[in-house]
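Q: Got a sequence here, can you build the structure:
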Amino acid sequence: MEFSLITLFPKVFSPFLNESIVKRARKKGLVSINLVNLRDFAKDKHKTVDDKPFGGGAGMVLKVDVLFEAIKSVKEKIGRGKVILLSPQGKTLNQQMVKRLSKEDHLILISGHYEGFDERIKEFIDEEVSIGDYVLTGGELPALVVIDAVTRLVPGVLSKSASHKTDTFEGGLLKYPQYTRPEEFRSLKVPGVLLSGNHKKIDEWRKEQSLKKTKSLRPDLFEK
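A: Below is the predicted model:
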């Protein structure tokens, strides 16, 4: 899986990309991540990537010509890829979308900043993706969310091939409660069924708890 991140702040990504599962996936050669500085494609000596909006208004808007050149450059160097614009106006990311994206060979993620994008850039993207109904300073955090979620599903990344199959949202439900040692803490005990060694009963308990948890915390998911 190849990720190309078009951003004004490439240094933001390094700490996260060099830790934990993503780091291991990169070391194994299962995931490759290319950081692309949007300013490298500005056409003037001041490296201008944004301008005032036509018609007036607050803030600055990222220029369509600069964004287009960045996308074009990535495709010429690495090959075709699915171009995703991280935007609060996009479809909300969920596990089903993550599964679909994990089947791509190359994702080109565009992290915006300032007041937004020149609308014309949407003629050159494949999909707009949002991570929720709130506003962030830029698209860097949403891009990291996409990378993390997709990377987990790349074959060979997780140590156990079935690890992600019991994750929350797999099968449309929240994950069952989990416990570990000590068996008792401040009078709070681990459910006896988990200590029984009866795997059939444990599976039944987990399914029941998953349904109860989803109904209580996410009735919208439970209805689906």
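
Q: how does the protein divide up, domain by domain?
A: The record's domain parsing of the chain by automatic domain parsing lists 2-151, 168-223.

Q: Out of those, which is the most enclosed?
A: Of all the domains of the chain, domain 2-151 carries the top mean neighbour count, a mean of 16, counting by mean count of other C-beta atoms under 10 Å. Using the backbone N, CA and C atoms, a C-beta is placed for each residue, glycine as well.

Q: show me where this structure has strands.
A: Listed in chain order, the strands of the chain (DSSP state E) span 2-7, 32-37, 50-51, 61-62, 82-92, 106-111, 116-117, 127-130, 184-185, 188-189.

Q: How about the residue nearest to G116 when sequence neighbours are not counted: which residues does it bridge to?
A: Of all residues not flanking G116 in the chain, V61 sits nearest, at 5.8 Å (C-beta to C-beta, 6 or more residues apart in numbering). On the basis of DSSP bridges, V61 is bridged to D51, G116.

Q: Quick one: residues contacting V61.
A: V61 makes contact with D50, D51, K52, P53, Y114, E115, G116, F117, D118, according to C-beta atoms under 8 Å, 6 or more residues apart in numbering.

Q: 10 Å - rerun?
A: Residues near V61 by C-beta atoms under 10 Å, 6 or more residues apart in numbering: 49-54, 112, 114-119.

Q: low-confidence ranges in the chain?
A: 160-170 (pLDDT under 70).

Q: hmm, try it at 80
A: Low-confidence segments of the chain (pLDDT under 80): 115, 159-171.

Q: Can you check which helix is longest in it?
A: In the chain, assigned by DSSP state H, the helix with the most residues is helix 199-217.

Q: Ignoring the adjacent residues along the chain, who's closest to E115?
A: Using C-beta to C-beta, 6+ apart and skipping the chain neighbours, the partner closest in space to E115 is G59 (2.8 Å).

Q: hang on, the one you found packs against D50?
A: Yes - using C-beta atoms under 10 Å, G59 is in contact with D50, at 8.8 Å.

Q: overlap in contacts of the two?
A: Between them, G59 and D50 share these contacting residues under C-beta under 10 Å, 6+ apart: Y114, E115, G116.

Q: Please report how far K43 lies from P182.
A: Applying C-beta to C-beta, to the nearest Å, one obtains 63 Å for the distance of K43 from P182.

Q: Revised request: answer the last question for G59.
A: Counting by C-beta to C-beta - G59 and P182 are separated by 53 Å.

Q: What is the end-to-end distance of stretch 102-116?
A: Counting by C-alpha to C-alpha, to the nearest Å, you get 27 Å between the two ends of stretch 102-116.

Q: I am finished for the moment; much appreciated.
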